[in-house]
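1. heads up, no residue letters with this:
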């Protein structure tokens with residue numbers, strides 16, 4: 001039995017750009033994207049188009065330049081985010097909409113001010129819109145490692161049924177220890193077996 005294939009989703013142009021002093025112009029992002037393509041990554045996350053006109057232009061430029069690997073654009077589950085990301089990806093050979101919403105209680109209560117039911121509904125509707133606009137959709141459960149497992153599983157199962165083929169399980173604030181994170185991914189592999197699972201790790205706490 002062969003080992004499962006690991007795909008590389010590179011987020012240097014989006015999450016990496018949040019590091020102090022690492023902001024890039026659209027031209028610089030295109031140059032970086034060409035190098036990532038030469039390195040053979042599977043998907044390049046080019047940016048967060050709704051954040052600014054410059055960010056939209058950068059994602060659009062990368063989408064038009066890269067042909068051998070996928071190009072992803074990040075969007076919250078809000079319709080305006082998803083639509084802006086889809087427009088920015090126009091012309092991409094292999095576009096992917098990467099839609100996210102938090103699932104931890106602390107984020108839902110204090111950042112988004114949503115109930116669990118409201119967040120679940122918003123996640124599913126955001127994914128449905130994304131699926132209508134793009135052939136490849138990934139969903140991220142922000143702060144997954146601090147989320148109640150039952151609720152996390154419910155959200156991921158629902159968005160997978162709505163059309164998100166790839167489910168990202170980020171350790172957004174660097175909360176999880178390696179063994180805990182491995183156990184979380186193992187449980188999700190059993191509970192959502194038809195999804196492609198994606199991991200996104202942080203070391204914010206050292």
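-> Structure's in. What do you need? Values in this document were obtained by computation on a predicted structure and should not be read as measured data.

2. sec struct for residue 72, please.
-> State at residue 72, reduced to three classes by DSSP: H, G, I helix; E, B strand; the rest coil: strand.

3. where in this protein is pLDDT low?
-> 1-2, 206 (pLDDT under 70).

4. what segments of it are strands?
-> Here the chain has its strands, by DSSP state E, at 9-10, 43-47, 70-76, 95-102, 137-142, 166-170, 196-200.

5. between those strands, which gets nearest to residue 17?
-> Each of the strands of the chain has some distance to residue 17 by C-beta to C-beta; the shortest is strand 43-47, at 7.5 Å. For every residue, glycine as well, the C-beta is placed using N, CA and C.

6. now the residue nearest the centre of the chain, which residues is it bridged with?
-> Most central in the chain under C-alpha atoms, centre = their mean is residue 98, positioned 4.2 Å from the mean C-alpha point. Beta bridges link residue 98 to residue 74, residue 138 when assigned by DSSP bridges.

7. distance from stretch 67-79 to the middle of the chain?
-> 8 Å (C-alpha atoms, centre = their mean, to the nearest Å).

8. let's see the distance spanning stretch 68-81 from one end to the other.
-> End-to-end distance for stretch 68-81: 26 Å, by C-alpha to C-alpha, to the nearest Å.

9. and the helix of greatest length in the chain with strand 70-76, angle?
-> The longest helix of the chain (DSSP state H) is helix 116-133. Angle between the axes of helix 116-133 and strand 70-76 is 140 degrees (criterion: axes from the mean of the first three to the mean of the last three C-alpha atoms, to 10 degrees).

10. got the buried residues for helix 116-133?
-> Buried residues in helix 116-133, counting neighbours by 16 or more other C-beta atoms under 10 Å, are found at 119-120, 122-131, 133.

11. in CSV: those, plus distance to residue 79.
-> Formatted as CSV, the buried residues of helix 116-133 follow (distance: C-beta to C-beta, whole Å):
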residue, distance to residue 79
119, 16
120, 17
122, 10
123, 13
124, 13
125, 8
126, 8
127, 12
128, 11
129, 6
130, 10
131, 13
133, 10
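
12. rewinding a little: what's next to the longest helix of the chain, contact-wise?
-> Residues outside helix 116-133 that contact it (C-beta atoms under 8 Å, 6 or more residues apart in numbering) are 75-79, 82-83, 86, 97, 99, 101-103, 108, 112, 114, 137, 139, 151, 154-155, 158-159, 162-164.
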